[in-house]
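> curious how this folds, go ahead:
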Amino acid sequence: MKALLTLLLALCLPTAWAHKPSDSYLTLTVKATATEGQWDIALRDLDFALTLDADGNGEITWGEVRARHADIAAYATQHLRVTADDKPCSIEVGAQQIDEHTDGRYSVLPLALRCEVASPTTLALTYTLFADLDPQHRGLLNLNVRGAARSAVLGPQQPTQSFDLGEVNRWRQFADYVREGVWHIWIGLDHILFLLSLLLPSVLVWQAVKKKWQAVSSFSEAFIDVLKVVTAFTVAHSITLSLAALGVVELPSRWVESVIAASIVVAALNNIWPRVVGRLWMVAFGFGLVHGFGFASVLADLGLPRDALVLALVGFNIGVELGQLAIVIVFLPLAFALRRTALYRRWVMVGGSAVVALLAAVWFVERAFEVKLLDL
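Below you'll find the model as predicted:
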């Protein structure tokens with residue numbers, strides 16, 4: 001029981017914006033005589049590192065960003081090193097602009113690389129942006145070489161990566177995005193809480209006459225219930241993840257994130273006052289469609305060409321499923337072993353669901369009305 005409670009408490013440690021992880025978007029185009037690019041870095045991340053909000057009013061204005069352009073450029077270039085054929089390239093930052101991504105405003109840094117080798121055969125990047133401040137931060141690279149596109153995920157676990165400019169290693173790209181999908185579900189607190197809210201009653205049966213939860217009689221019964229829920233959630237979010245990432249369907253990020261928070265409230269409250277019993281897979285499927293749009297935001301912002309995007313999409317989706325499977329493997333045996341205890345039925349099932357519902361309600365208000373309630 002202690003292990004399960006520890007897991008739930010750790011998951012319930014709130015973050016103000018619990019879905020979108022910290023990402024930057026780096027695009028480099030290698031031409032015959034020059035290498036150019038663009039680097040989009042979230043203003044919220046730069047504010048944390050450089051304190052852009054000079055007056056401390058919680059809003060970063062264009063004037064405050066413009067006044068710190070030199071500092072932003074210096075900070076960024078200190079954390080990106082590029083070599084061509086093992087020889088260093090200098091990085092020049094042009095006039096900066098502001099752009100809107102699905103999760104907020106970004107500083108856009110035009111890049112011009114000056115390399116000693118005119119037509120390099122290899123390009124190596126060492127990426128350490130925010131490595132000392134946020135170990136979860138990732139840089140999503142879109143590398144274009146003579147019309148061929150490739151992608152990679154840059155971060156603390158593999159800060160230096162080398163690319164053969166004459167060869168596109170699709171398997172390496174695929175593995176990068178599988179790993180990113182696993183990581184994304186593990187740090188996507190709202191997705192995890194929604195899934196756990198649906199899994200909590202899987203080892204219990206609601207007795208309508210007695211109005212209380214009773215333990216299931218067999219593990220197979222619980223396993224089948226979990227299988228239905230996870231399968232429905234997987235199918236649903238895979239559909240919308242694909243549609244959104246490929247640009248077929250687009251929904252406002254604010255709407256998507258608000259409904260994701262609302263889905264957690266509904267799932268958690270259903271554990272306290274059961275209204276949907278025995279058909280939770282339908283809830284998982286319905287709200288899973290919305291969660292898929294949330295998953296897609298990290299890929300949509302990268303702006304990959306269609307061939308590279310499809311590869312990233314498949315790898316990312318497989319990674320998400322592997323991340324979900326790991327959560328289920330840890331949770332289900334623990335929950336089943338503790339299903340007969342009053343502590344599980346009252347404190348974990350009901351008490352934990354109440355905490356989750358309250359936290360998700362705060363997220364909903366923050367996202368729907370663009371206010372900040374948790375100063376975290």
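> W363 reaches F194, doesn't it?
No: between W363 and F194 there is no contact under Cβ atoms under 8 Å: 11.2 Å. No exception for glycine: its C-beta is placed from N, CA and C like everyone else's.
> overlap of the contact sets of these two?
Common contact partners of W363 and F194 (Cβ atoms under 8 Å, 6 or more residues apart in numbering): I264.
> now the helices for the stretch 201-350 of the chain?
Ranges of helices within the stretch 201-350 of the chain are 219-245, 253-272, 280-300, 306-337, 342, based on DSSP state H, counting those that start in this stretch.
> roughly how far apart are K87 and D164?
K87 is 16 Å from D164, where distance means Cβ to Cβ, to the nearest Å.
> got it, and S197?
As judged by Cβ to Cβ, S197 and D164 stand 46 Å apart.
> for R275, same thing?
57 Å.
> again, but for A118
A118 is 17 Å from D164, by Cβ to Cβ.
> and for L141?
L141 is 14 Å from D164, where distance means Cβ to Cβ.
> between these two, which is the more surrounded one?
Shown here are L141 and D164; by other Cβ atoms under 10 Å, L141 has more neighbours (22 against 12).
> check which helix or strand that one maps to.
In this assignment (DSSP states H and E), L141 forms part of strand 138-145.
> residues in contact with the helix or strand that that strand is followed by?
Moving toward the C-terminus from strand 138-145, the next helix or strand (DSSP H and E) is strand 148-154. If you take Cβ under 8 Å, 6+ apart as the criterion, strand 148-154 is touched by 26, 125, 127, 138-143, 161, 163, 168-169, 172-173, 176-177, 179-180, 302, 304-305, 307-308, 311-312.
> quick check on these: which are buried?
With burial judged by 16 or more other Cβ atoms under 10 Å, the buried subset of the contacts of strand 148-154 is 26, 125, 127, 138-143, 161, 163, 168, 173, 176-177, 179-180, 302, 304, 308, 311-312.
> coming back round to it: what strands line up against the strand holding L141, and which way round?
Using DSSP bridges, strand 138-145 pairs in its sheet with strand 23-30 (parallel), strand 148-154 (antiparallel).
> turn these into JSON lines, including distance to M349.
Converted to JSON lines, the strands paired with strand 138-145 look like this (distance: least, Cβ to Cβ, whole Å):
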{"stretch": "strand 23-30", "distance to M349": "35"}
{"stretch": "strand 148-154", "distance to M349": "37"}
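> looking at those strands, which one has the lowest mean pLDDT?
In terms of mean pLDDT, the lowest-scoring of the strands paired with strand 138-145 is strand 148-154 (a mean of 80).
> report the angle between that strand and helix 306-337.
30 degrees (axes from the mean of the first three to the mean of the last three Cα atoms, to 10 degrees).
> ok now whichever helix or strand comes after strand 148-154, how far from the chain's centre?
Next along the chain after strand 148-154, taking DSSP H and E as the criterion, comes strand 160-164. On the basis of Cα atoms, centre = their mean, to the nearest Å, strand 160-164 sits 24 Å off its chain's mean C-alpha point.
> grab the nearest non-local neighbour of V350.
I272 (5.6 Å; Cβ to Cβ, 6 or more residues apart in numbering).
> ditto for V248
S242 (8.0 Å).
> longest strand in the chain, please.
When the chain is parsed with DSSP state E, its longest strand is strand 104-115.
> what mean pLDDT does that one get?
Averaged across strand 104-115, pLDDT comes to 94.
> what does stretch 236-250 give?
On average, the pLDDT along stretch 236-250 is 89.
> contact partners of that stretch?
When contacts are defined by Cβ under 8 Å, 6+ apart, stretch 236-250 is touched by residues 251, 284-293, 295-297, 299-300, 306, 309-310, 312-313, 316-317, 320.
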